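Give me coordinates for this.
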Amino acid sequence: MEVADIISISKPSKFEDVDSDIEMSDGEEPRDNGIVTPGELVTDDPVWMKGHGTYFLKDNTYSSVAGNVSRVNRLLSVIPLRGKYQPETGDHVVGRITEVGNKRWKVDIGAKQDAVLMLGSVNLPGGVLRRKSESDELQMRNFLKEGDLLNAEVQTVFNNGSASLHTRSLKYGKLRNGIFLTVPSSLVIKSKNHSHDLPGDVSVILGVNGFVWLNKTNKSTSNSVVNNKLQSTIDSKGNYDPGKGSVSITRLEEESSWEIYSDKNDKISATVRDNITRYYNVIKALSHGELGITEQRINLGYQASLQFGNIGKLIEIESMENICQDIITNERMRGSM
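All right, here's what the predicted structure looks like:
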């Protein structure tokens, strides 16, 4: 018995690329989102190049994972349905510090390897653009230490699959006043914005890597503080007086940076705690129903969960299925599904 007879466990499927000049055998319609299983024949045409999730054997390309077939020009790859998160440049992720090293932190982002956050890629007290000194290196654990959670952006992806992060924007930094949960990264739908303010004084960060953070909404944002201070430098005639403001922009950056790295949580009312718990269970229900997680679905799930007075009942399988069904029904009525 040949090796190919053992590996091919299902009916072969053949592809053709309608966007290129390449013609595939048999002229069958391509399946852009076709799902294949490990060992299944993806194509027997040798013109295709094998990508991630595939392997080549006797001029045939087979799938090595269960997932969706992806075609980019002549490159065939299979995106796994479930598996480790694969970072891409620009992804908004949530991570946990695992190690403090020489001018760098190692961050667990749910990928095959820990990501790296360089000391030069974070905002430090004293201004965004100032040089990082030896004193900063000695105080690295005062900023971020093992076990701390943070949200960041993927800056670079290296050839070995590891990623470099940055938190240069004030919307990134250490996370406080909330709760952490994980969902399959394939369920988090990429969008322009992954930070949302939800009803009930709750905010959510949907990390592309499947790490989710729910916290109390911080109403005193840095932008509003800066705007208020700039407004205070304008007199009644509308003239700008740079010496009139009580706090300079550099000082604001310094105060904002220290606030980002604070370990002290704010006081959270019982109502907000209940709302955070309710949203936590709603997101768990979306994960259980394998529904793509978006701001709209979280809001719909929250409204559907209000029929359950006891928040603890939301973790029951029947309750989670009811919430998912209500979301699907609502989206069908809106025509968004």
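
From here on, just use CA atoms for contacts and neighbour counts.
Noted.

pLDDT of the helix or strand where residue 284 lies, averaged?
Per DSSP states H and E: residue 284 is located in helix 270-288. Helix 270-288 shows a mean pLDDT of 94.

try stretch 192-206
93.

ok, now stretch 55-66?
87.

any idea how far residue 286 is from the residue nearest to residue 104 when sequence neighbours are not counted?
Among residues not flanking residue 104 along the chain, residue 118 sits closest, at 4.2 Å (C-alpha to C-alpha, 6 or more residues apart in numbering). Distance, residue 118 to residue 286, using C-alpha to C-alpha, to the nearest Å: 35 Å.

same thing with residue 302?
11 Å.

mind listing what's buried in the helix holding residue 284?
272-273, 275-287 (16 or more other C-alpha atoms under 10 Å).

Roughly how far does the residue nearest to residue 104 sit from residue 137?
In terms of C-alpha to C-alpha, residue 118 sits 11 Å off from residue 137.

between these two, what contacts are shared?
residue 103 (C-alpha atoms under 8 Å, 6 or more residues apart in numbering).

for the protein, what helix or strand is lowest in average pLDDT?
Scoring the helices and strands of the chain by mean pLDDT, DSSP states H and E places helix 222-231 at the bottom, with a mean of 40.

Now do residue 165: how many residues are near it, please.
Residue 165 sits with 26 neighbouring residues when counted by other C-alpha atoms under 10 Å.

Pairing partners for the helix or strand containing it, with directions?
Following DSSP H and E, one finds residue 165 within strand 163-167. Counting by DSSP bridges, the strands paired with strand 163-167 are strand 115-122 (parallel), strand 149-157 (antiparallel).

what distance separates the shortest one from the middle of the whole chain?
From the chain centre to the centre of strand 115-122 is a distance of 18 Å (C-alpha atoms, centre = their mean, to the nearest Å).

contact partners of that strand?
Under C-alpha under 8 Å, 6+ apart, the answer for strand 115-122 is 103-109, 132, 137, 162-168.

hmm, try it at 7 Å
103-109, 132, 162-168 (C-alpha atoms under 7 Å, 6 or more residues apart in numbering).

Can I get the buried part of those residues as one PyMOL selection?
Burial among those is assessed by 16+ other C-alpha under 10 Å; the matching PyMOL selection reads:
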select buried, resi 104+105+106+107+108+109+162+163+164+165+166+167+168
